[in-house]
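Asker: below are the sequence and a predicted model; questions follow.
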Amino acid sequence: MQEIKCGNSSIYELTHELVVWLCGNSYSEDHIKKHREAATKIRKFMAANGINEYSPDVGQAFLKQRFKREVCKQHRLRVECIVDRLNDLHEGKTPSFVRLEAKNIMPLSSRSSEILKAYLSICVSNGYKATTIKQKTKFCESFLRQLEAAGCNDIAETKPEELTKVCLLFRDKNAWSHIRMFLKYLHDNSIIPLDYSSLVPRNKNSFVLPSVYSEEDIRKIESTFVLTDKTGIRDYAMTLLVTRYGLRSGDVAKLSFSEVDFERNLIRLTQQKTGKEWESALLPEIKGALLDYINGARPCVDSDTIFIQVRAPYKDITISSITEAFKRSLKQAGIDINNRKQGPHAFRSSLASSMVNDDVPYEVVRRALGHDDPNAIKHYAKIDIERLREYAVPVPNPTGIFAHFLNGEVQV
């Protein structure tokens with residue numbers, strides 16, 4: 001084995017930093033799991049070779065030994081990406097979202113890179129979440145790269161027909177809205193002479209009625225939990241938070257003791273999705289369920305997060321665990337899902353539908369569910385079928401040539 005220059009970073013510390021970065025950028029649990037597994041294999045490699053500290057040379061030696069034989073290309077690229085991210089952290093850099101080398105993609109020109117960096121910096125200062133910044137980076141970078149591949153080396157000289165052709169290359173139509181905002185920024189900052197944002201196609205998603213369950217269904221689900229079992233006590237408390245408040249699963253998973261005031265009967269939290277404050281009175285049945293869990297079923301761990309996994313090492317509950325709890329309760333309740341969604345969000349939609357059907361004003365529904373966008377009211381208006389019936393326009397009687405046609409007086 002070749003000689004390795006050891007760095008001054010512990011592989012444990014680097015792995016922890018990497019996991020924190022992945023969580024902060026909303027990577028999936030499965031994605032994070034693969035990073036943990038790769039880091040564990042690197043640790044074993046280091047232990048087998050008497051290496052105490054990680055360095056990029058260690059990473060390269062690991063890859064060389066790991067891939068002595070032919071393996072799946074996708075697996076190799078994934079492991080190489082993980083090693084690259086560890087190397088970035090070792091050198092004090094922020095890990096990259098995408099390994100350009102893995103996809104054989106040429107990097108952007110310095111001019112395009114500067115423009116994109118300035119745009120993303122403004123987006124960050126405007127309060128966009130990390131997940132949104134990630135999408136903007138992906139789509140805008142791809143947009144600029146496609147323009148350069150088409151021969152446009154200076155964004156200021158982009159022609160309308162080139163721009164339209166590039167936009168139509170995107171299979172993911174969600175890219176269009178990000179490109180439109182990017183072009184608007186370029187024009188507002190005098191980087192391009194004209195506002196080309198209006199040339200970007202618009203992706204109109206068809207409206208799909210949300211999955212909802214009746215109040216009877218929800219009562220059946222809540223009755224399935226065994227309140228003498230620690231898992232049942234925990235899952236019952238989590239379920240009430242969703243069915244009574246319509247909380248998102250992410251907010252339930254992150255709910256902390258500092259956000260629940262049992263003395264003042266108040267619950268106040270910062271929503272994970274919007275970053276906005278949400279507040280409500282602590283309902284008696286939810287207060288009782290939470291106290292039953294905290295005092296009788298919650299593991300004794302030093303964590304401010306309320307809901308904990310029932311088995312060692314007693315980590316904070318995950319969103320996937322909450323989803324699985326709802327699926328189990330639906331199955332135990334014997335409810336026909338009938339192509340309906342089975343996760344917590346379906347019960348959030350159920351609460352919204354129930355409130356609308358009880359003539360609760362749309363604005364009250366929006367605030368109760370913590371929607372930041374006032375246009376969310378339109379979403380609830382579309383599911384208010386009974387009220388929409390009141391505004392149905394009667395079909396007019398046919399007149400003129402159309403009436404003659406219906407009467408068989410006109411031959412086609």
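Answerer: It's in.
Asker: buried set for the host helix or strand of residue 331?
Answerer: For residue 331, the host element (DSSP states H and E) is helix 319-333. Within helix 319-333, the residues that count as buried by 16 or more other C-beta atoms under 10 Å are 319, 321-322, 325-326, 328-330, 333. The C-beta positions use only the backbone N, C-alpha and C, and glycine is treated the same way.
Asker: tell me which other helices or strands the helix or strand that that helix is followed by touches.
Answerer: Using DSSP H and E, the helix or strand that follows helix 319-333 in sequence is helix 344-357. Packing partners of helix 344-357 (3 or more C-beta pairs under 8 Å, 6 or more residues apart in numbering; DSSP states H and E): helix 215-222, helix 230-245, helix 249-254, helix 319-333, helix 362-368, helix 376-383.
Asker: got those as JSON lines, with distance to residue 30 and mean pLDDT columns?
Answerer: Converted to JSON lines, the helices and strands packed on helix 344-357 look like this (distance: least, C-beta to C-beta, whole Å; pLDDT from 0 to 100):
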{"stretch": "helix 215-222", "distance to residue 30": "27", "mean pLDDT": "87"}
{"stretch": "helix 230-245", "distance to residue 30": "22", "mean pLDDT": "92"}
{"stretch": "helix 249-254", "distance to residue 30": "16", "mean pLDDT": "90"}
{"stretch": "helix 319-333", "distance to residue 30": "9", "mean pLDDT": "88"}
{"stretch": "helix 362-368", "distance to residue 30": "33", "mean pLDDT": "75"}
{"stretch": "helix 376-383", "distance to residue 30": "30", "mean pLDDT": "61"}
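Asker: dump those into JSON lines; add distance to residue 348 as well.
Answerer: Output for those, formatted as JSON lines (distance: least, C-beta to C-beta, whole Å):
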{"stretch": "helix 215-222", "distance to residue 348": "12"}
{"stretch": "helix 230-245", "distance to residue 348": "7"}
{"stretch": "helix 249-254", "distance to residue 348": "9"}
{"stretch": "helix 319-333", "distance to residue 348": "11"}
{"stretch": "helix 362-368", "distance to residue 348": "11"}
{"stretch": "helix 376-383", "distance to residue 348": "12"}
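Asker: quick one: closest of those helices to residue 262.
Answerer: helix 230-245 (13.1 Å; C-beta to C-beta).
Asker: how about the strands of the stretch 151-300 of the chain, start to end?
Answerer: Counting by DSSP state E, counting those that start in this stretch, the stretch 151-300 of the chain has strands at residues 260-261, 266-270, 277-281.
Asker: returning to what we had before: of the helices and strands packed on helix 344-357, which is nearest residue 178?
Answerer: Nearest to residue 178, of those and by C-beta to C-beta, is helix 376-383 at 20.8 Å.
Asker: picking up where we left off before, out of the helices and strands packed on helix 344-357, flag the one nearest residue 32.
Answerer: Residue 32 lies closest to helix 319-333 among the helices and strands packed on helix 344-357, at 11.5 Å (C-beta to C-beta).
Asker: contacts for the closest one, please.
Answerer: 29, 217, 220-225, 235, 238-239, 242, 249-250, 252-253, 309, 337, 342-344, 347 (C-beta atoms under 8 Å, 6 or more residues apart in numbering).
Asker: outline the domain layout of the chain.
Answerer: 11-103, 110-199, 215-387 (automatic domain parsing).
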